[in-house]
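>>> here is my input, please return the structure:
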Amino acid sequence: MAFPKQVRLVEVGPRDGLQNEPEPISTATKLELIDRLGAAGLSYIEAASFVSPKWVPQMADHREVMQNLARLDGVTYAALTPNLKGLEAALECGVEEVAVFGAASEAFSQKNINCSVAESLARFEPVLERAQAAGVRVRGYVSTVLGCPYEGEIAPAKVAEVSKALYEMGCYEVSLGDTIGVGTPLKAKRMLEAVSREVPMAQLAAHFHDTYGQALANLYAVLEEGIAVVDSSVAGLGGCPYAKGASGNVASEDVVYLLNGLGIETGIDLEALAATGTWITQAIGRPNRSKVGVALASR
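Sure, this is the predicted structure:
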C-alpha cells in the first residue's frame with residue numbers, strides 16, 4: 001500500500017509528556033506550551049487528564065488548564081477521562097473530545113488501573129454513553145500492543161480483541177500504543193494486520209515509544225500499511241508511570257521531519273515546533289530527546 005498523502009499528528013506532550021514530571025509545573029507553563037503547539041500547526045492537542053491528583057499529581061490543575069485555553073479555530077483540545085467522574089468534570093470545563101485507555105495485557109491492566117481488561121472495558125461503557133449523550137467524541141487507547149513489562153510478548157489477536165471492543169463501544173478512533181517501546185517493524189506490521197481485520201484502518205492510530213530506538217522505523221512500517229494518524233510528544237517528553245522502562249514518546253519534531261521527507265502533508269511548521277521543544281525542555285529542566293530538535297537548535 002502507498003503512503004498516505006496526509007497525516008494527522010495527535011500531540012500528547014501537555015498530558016502524556018508532562019504527567020510523570022516529579023516537580024510541579026505551573027499552569028501558566030502548561031498553557032503556554034499548548035499555545036505554542038497550536039501556533040506551530042498542531043490541530044489536535046491532548047491538553048489534560050481528569051484523573052485523581054492522588055495518582056497523577058502533575059495533572060491536578062486540569063480544570064484550570066481546560067478553562068483557560070486560548071482556543072484556536074481548527075484545533076481540538078482533548079482530555080483523558082478514565083472514568084465517569086473524570087468525564088463529568090471535563091464536560092463542566094467545556095471539553096470537546098475525550099479519551100479512555102485500556103490495555104492488551106492483563107497484568108498491565110491490573111498494575112495500571114487495578115482491574116482486568118474485561119472489567120476496564122465494562123467501566124468505559126457508561127463513560128461512552130454519557131459522552132455520546134453530550135455530543136463529545138471519544139478516542140480509545142490500547143496500551144502494551146507490542147509487549148508488556150510483566151507479560152512479555154502480546155498476541156496480536158489480543159490487541160485486535162480489545163481494539164474491536166473499544167471501537168464497537170463507540171470510540172471513533174483507536175490508538176495502538178507500544179507503551180514500553182519494544183516493538184520492531186515486522187511485529188508492528190503483524191499487529192496492525194490483525195487489528196485492521198477488526199477495525200477499519202482509517203479509525204486506527206499509532207502511539208509508539210522510542211525506548212529501544214525503534215519508533216520511527218515502526219512508524220515507517222505502519223505508514224506503509226495505511227496508518228494516517230500518529231501520536232507523538234514534543235521533544236520526546238513522557239513515559240508511563242506504570243511501565244518500567246517506558247522512556248518516552250516518539251518526538252513530534254522527528255516524526256514531522258520524517259513525514260516531510262516522505263512528501264506527506266502535516267500542516268505543521270517544523271521550525272516553530274522545534275523551537276517549542278527547546279523552550280519546554282529548558283523550562284522544566286529536561287533534556288530534549290528530539291534529535292531533529294537538537295540539530296536545528298545547534299545550527
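>>> measure Phe208 to Pro4 for me?
Distance, Phe208 to Pro4, using Cβ to Cβ, to the nearest Å: 16 Å. Where you see a C-beta, it was placed from the backbone N, CA and C, and this is true even at glycine.
>>> now Gln132: closest residue in space, sequence neighbours ignored.
Gly170 (5.9 Å; Cβ to Cβ, 6 or more residues apart in numbering).
>>> again, but for Cys148
Leaving aside its sequence neighbours, Cys148 sits nearest to Ser105 (Cβ to Cβ, 6+ apart; 3.8 Å).
>>> hmm, back to that, Phe208 and Pro4: who's more crowded?
Between Phe208 and Pro4, Phe208 has the larger neighbour count (other Cβ atoms under 10 Å), namely 28 against 19.
>>> which SSE is the more buried one in?
Phe208 is part of strand 204-208 when elements are defined by DSSP states H and E.
>>> check what contacts that strand and list those residues.
10, 12, 141, 163, 173-178, 181, 183, 188, 192, 195-196, 214-215, 218-219, 222, 227, 229-231, 249-250 (Cβ atoms under 8 Å, 6 or more residues apart in numbering).
>>> can you tell me the SS state at Glu46?
The three-state assignment at Glu46 reads strand, by DSSP: H, G, I helix; E, B strand; the rest coil.
>>> same check, this time on Leu186
At Leu186 the chain is in helix, as set by three-state DSSP.
>>> can you count the residues close to it?
Using other Cβ under 10 Å, Leu186 has 10 other residues around it.
>>> what of Glu106?
Other residues near Glu106 come to 17 when the count uses other Cβ under 10 Å.
>>> please apply the same query to Ile45.
Ile45: 25 neighbours (other Cβ under 10 Å).
>>> show me the contacts for it.
With contacts defined as Cβ under 8 Å, 6+ apart, Ile45 is in contact with 11, 14, 34, 37-38, 75-78.
>>> which residue packs closest to Ser175, ignoring adjacent ones?
Ala205 (4.1 Å).
>>> number of nearby residues for the one you found?
So Ala205, with other Cβ under 10 Å, has 22 neighbours.
>>> that older thread, Ala133 is in contact with the residue nearest to Gln132, correct?
No - Gly170 lies out of contact with Ala133 (Cβ atoms under 8 Å); the separation is 11.0 Å.
>>> Val230 falls within a strand, correct?
Yes - assessed with three-state DSSP, Val230 lies in a strand.
>>> bridging residues for it?
Per DSSP bridges, the residues bridged to Val230 are Leu9, Ala206.
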